[in-house]
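Student: Return atomic coordinates for the entry below.
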Amino acid sequence: MTGAGADPEAGPAREFVVEADGGSRGNPGPAGYGAVVLDAATGETLAEAAEYLGVVTNNVAEYRGLVAGLRAARELDPDATVRVRMDSKLVVEQMSGRWKIKHPDMKPLAAEAARVFPPGRVTYEWIPRAENKHADRLANEAMDAGARGERWSPSTSTADLDTGRSAGGRTATGGGARAGSGTGAETGAASAARTGAPGAARPPAEPTTPAEPKVPAEPKASAEPTASAEPTAPGATGSAADPTAAPGASVSDTAGTRGVEADAGPPAARGDATGTPGPAGGRRAGAVEGPAAVGGARSASGGSAVRDGAGAAGPAGPEAGPRPDAASKAAAGSGAPGSAGSSTSSRAAASADVRAARTVASPGWGPPDMGAPATFVLLRHGETPLTPQKRFSGSGGSDPSLSAAGREQAEKVAASLARRGTVQAIVASPLARTRETAGIVAARLGLEVAVEDGLRETDFGAWEGLTFGEVRERYPDDLNAWLSSPDAEPTGGGESFAATGARVAATRDRLVAAYAGRTVLLVSHVTPIKTFVRLALGAPPESLFRMELSAASLSAVAYYADGGASVRLFNDTSHLR
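Tutor: Sure thing, here's the model as predicted:
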């Protein structure tokens, strides 16, 4: 049957190849898409499309590129058959019907793409990123134009020339307008026909199997959450886009590291070299309120990395936190208000916050196009009157509110998170100190606070309100048992660390499902936060005694659609200095 607008005497329908891509420098961040329509027989470039989208996620940009490419192909020939080639495993698998589409931002875009051509006329094929350079460069040109406050212009595009394709008789469209009919006529305000010397014809692409590609994918821009996707096989790699990259930088120039490097710093108390618990009573209780003895070592990417510090022993010292990077040092040395030093310091501090946010929010190494992880930024509440006294303060005691110092800490962390700009939701423990901390941050960020009972602190039973020394004096046998076994409960029917671990694991699973692909601030306590980290690392229960958290410190763990987890930050207190 002949489609509308087609020439009934034109012969058999044509076959096109559509290559599309999208990227977001920040995820969500400044984003754009690029798409190119090729003649399947000759490889000739027939149409290009690109558009700056403003602030959206990587996957939204990829889907927008797909829609634009399909529309451009339909303008050329509504009866054509189309082979879509993309380096987004997510889009290819979802549009092929092998992965479910659950994310609300993806469903309407996928439906829109499916409506451009009748069913059965479009097939989808995954390709390595190296084979999608044309669309990738168009997307980057669109983002660069947007950064300059301009629309993408086909007259200045070099994407086709850079890839060495022919330019005979193609049309180019910008700003989301459709490609022309192939005659060279303009199709919109930002559209222009460009004709160049013919280049080497590109051979038609060989279809790949729907199974997992064998070629490792190159690092790609941070992707939209795909816990909503249900992949049938894991992929190879993924990475993070650098939102501060200079114009023209590839969408995927900057890779994060999903692997966790090691060092929780000197343990609160020391066991043997294999990590087994030390002598009973020979270490400080990990869940006792009080300042941390150590902070994690600063990673090269601006966050704190967890390192295998089983052999790094030493007595607990004063609260240190992560070592400040150059920007933090500049902030610490700022001059008087209004001075040039103060202005420089503020800019440096803001830059440090952006780098830290990028480190926390970047997808890191993972299977290609698994999407952005659910990232939990773990904030321990500010100080209470019990904190400097180092007393057990769980969920079964007096439920103290923040002290003046604690409220000041909460204000400082709120200001830092506001500069980072990555938190999309806030969830807090039901206890007063966490709800108060969360409320201060939420007021600064303009967000609501959801309460999750699973984030509450361990119930320390009869030990509530006592110091570690007082517990040892009154309940020495119970304390020794508690220090030796995660199944032991505090005196008086408190909660064991094993029970807390099961509770936190169930809470984690619920929250990962509820906030797939989003960055969420969880305001909680010492034991739950250390448990999130322990579970992510696959560390034994006794590791809880080898980590300490400062009041109002930040840690972060990212959770991927394939079930993997990555510790991104640990006990960061740079915002308090």
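Student: Which stretches in the stretch 401-550 of the chain count as helices?
Tutor: For the stretch 401-550 of the chain, helices defined by DSSP state H, counting those that start in this stretch occupy the ranges 404-420, 432-445, 468-474, 476-484, 497-514, 526-537.
Student: Of these, which stretch is the most buried?
Tutor: Comparing the helices of the stretch 401-550 of the chain by mean neighbour count (mean count of other CB atoms under 10 Å), helix 526-537 comes out on top with a mean of 24. The way it works is simple: take the backbone N, C-alpha and C, and place the C-beta from them, glycine included.
Student: packing partners for it?
Tutor: Judged by 3 or more CB pairs under 8 Å, 6 or more residues apart in numbering; DSSP states H and E, helix 526-537 is in contact with strand 374-380, helix 497-514, strand 554-559, strand 565-572.
Student: The shortest one pairs with which strands, parallel or anti?
Tutor: Taking DSSP bridges as the criterion, strand 554-559 forms sheet pairs with strand 374-380 (antiparallel), strand 565-572 (antiparallel).
Student: Just list whatever residues bridge to the nearest residue to residue 373 once chain neighbours are set aside.
Tutor: Leaving aside its chain neighbours, residue 373 sits nearest to residue 558 (3.9 Å; criterion: CB to CB, 6 or more residues apart in numbering). Taking DSSP bridges as the rule, residue 558 bridges to residue 375, residue 566.
Student: Please list all residues in contact with the nearest residue to residue 496 once chain neighbours are set aside.
Tutor: Nearest residue to residue 496, sequence neighbours excluded (CB to CB, 6+ apart): residue 489, at 4.7 Å. Counting by CB atoms under 8 Å, 6 or more residues apart in numbering, residue 489 touches 461, 482, 495-496, 499.
Student: confidence score at residue 489?
Tutor: Per-residue confidence (pLDDT) for residue 489: 95.
Student: coming back round to it: quick one: closest of the helices of the stretch 401-550 of the chain to residue 378.
Tutor: The minimum distance between residue 378 and these falls on helix 526-537, with 4.6 Å, by CB to CB.
Student: Contacts made by that closest one with the rest, please.
Tutor: By CB under 8 Å, 6+ apart, the residues outside helix 526-537 that reach it are 260, 286-289, 306, 376, 378, 380, 394, 429, 454-458, 497, 500-501, 504-505, 507-508, 522, 539-541, 543-544, 547-549, 555, 557, 559, 565-567, 570.
Student: check contacts around residue 491.
Tutor: Contacts for residue 491 were tallied using CB under 8 Å, 6+ apart; they are 461-463, 471, 475, 478.
Student: From residue 528, how far off is it?
Tutor: 21 Å (CB to CB, to the nearest Å).
Student: swap in residue 404?
Tutor: 25 Å.
Student: got it, and residue 62?
Tutor: Applying CB to CB to residue 62 and residue 528 gives a distance of 36 Å.
Student: Ok, residue 409 next?
Tutor: 18 Å.
Student: next one: residue 76
Tutor: 57 Å.
Student: ok, back up a step: can you redo the helices of the stretch 401-550 of the chain as CSV with distance to residue 42?
Tutor: Compiled in CSV, the helices of the stretch 401-550 of the chain are given as follows (distance: least, CB to CB, whole Å):
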stretch, distance to residue 42
helix 404-420, 49
helix 432-445, 53
helix 468-474, 77
helix 476-484, 74
helix 497-514, 47
helix 526-537, 51
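Student: among these, which is nearest residue 85?
Tutor: Using CB to CB, the helices of the stretch 401-550 of the chain put helix 497-514 closest to residue 85, at 31.8 Å.
Student: which other helices and strands contact that closest one?
Tutor: strand 374-380, helix 526-537.
Student: Residues contacting that helix, please?
Tutor: 227, 374, 376, 427, 452, 454-455, 458, 486-487, 489, 520, 522, 527-528, 531-532, 534-535, 541, 544, 559.
Student: at 7 Å instead, please
Tutor: 227, 374, 427, 452, 454-455, 458, 486-487, 520, 527-528, 531-532, 535, 541, 544, 559 (CB atoms under 7 Å, 6 or more residues apart in numbering).
Student: Equivalent analysis for stretch 105-112, please.
Tutor: 57, 59-60, 63-64, 67, 94-95, 101, 224.
Student: Is it possible to get CSV of these that adds distance to residue 15 and neighbour count?
Tutor: Below are the contacts of stretch 105-112 laid out as CSV (distance: CB to CB, whole Å; neighbours: other CB atoms under 10 Å):
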residue, distance to residue 15, neighbour count
57, 32, 28
59, 27, 32
60, 28, 21
63, 23, 31
64, 24, 25
67, 20, 22
94, 23, 28
95, 18, 21
101, 27, 23
224, 30, 29
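Student: Strands - which of these land there?
Tutor: Among those, no member falls in strands (DSSP state E).
Student: Nearest to residue 576 among those?
Tutor: Using CB to CB, the contacts of stretch 105-112 come closest to residue 576 at residue 57, 31.3 Å.
Student: Now that closest one: phi and psi?
Tutor: Main-chain dihedrals, residue 57, degrees, to the nearest 10: phi -90, psi 170.
Student: Going forward, count from 36.
Tutor: With 36 as the first residue, the last one maps to residue 92.
Student: Can you name the residues that contact it?
Tutor: For residue 92, the contact set (CB under 7 Å, 6+ apart) comprises 59, 62-63, 140, 259.
Student: Throw these into JSON lines and include pLDDT, thanks.
Tutor: Listed next are these as JSON lines, based on pLDDT from 0 to 100:
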{"residue": "59", "pLDDT": "89"}
{"residue": "62", "pLDDT": "76"}
{"residue": "63", "pLDDT": "79"}
{"residue": "140", "pLDDT": "79"}
{"residue": "259", "pLDDT": "37"}
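Student: Export those to JSON lines and append columns for secondary structure.
Tutor: Below are these laid out as JSON lines (DSSP: H, G, I helix; E, B strand; the rest coil):
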{"residue": "59", "secondary structure": "strand"}
{"residue": "62", "secondary structure": "coil"}
{"residue": "63", "secondary structure": "coil"}
{"residue": "140", "secondary structure": "coil"}
{"residue": "259", "secondary structure": "coil"}
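Student: which residues in the stretch 86-235 of the chain form strands?
Tutor: 116-121, 157-161, 205-209, 227-229 (DSSP state E, counting those that start in this stretch).
Student: Output the contacting helices and strands for the longest one.
Tutor: For strand 116-121, the elements it packs on are strand 50-59, helix 93-111, strand 157-161, judged by 3 or more CB pairs under 7 Å, 6 or more residues apart in numbering; DSSP states H and E.
Student: next helix or strand past the first one?
Tutor: Pointing back at strand 50-59 there. strand 64-74 (DSSP states H and E).
Student: got the angle for that following strand vs helix 93-111?
Tutor: 30 degrees (axes from the mean of the first three to the mean of the last three CA atoms, to 10 degrees).
Student: Identify the residue nearest residue 445 in space, chain neighbours excluded?
Tutor: residue 475 (4.0 Å).
Student: Which one of the strands of the stretch 86-235 of the chain has the poorest average confidence?
Tutor: Taking the mean pLDDT of those, strand 227-229 comes last: a mean of 33.
Student: how many neighbours does residue 520 have?
Tutor: The number of residues packed near residue 520 is 15, by other CB atoms under 10 Å.
Student: Quick check: chain neighbours aside, which residue is closest to residue 479?
Tutor: residue 449 (3.8 Å).
Student: Return the residues in contact with residue 556.
Tutor: Contacts of residue 556 (CB under 7 Å, 6+ apart): 412, 414, 452, 458, 461, 476.
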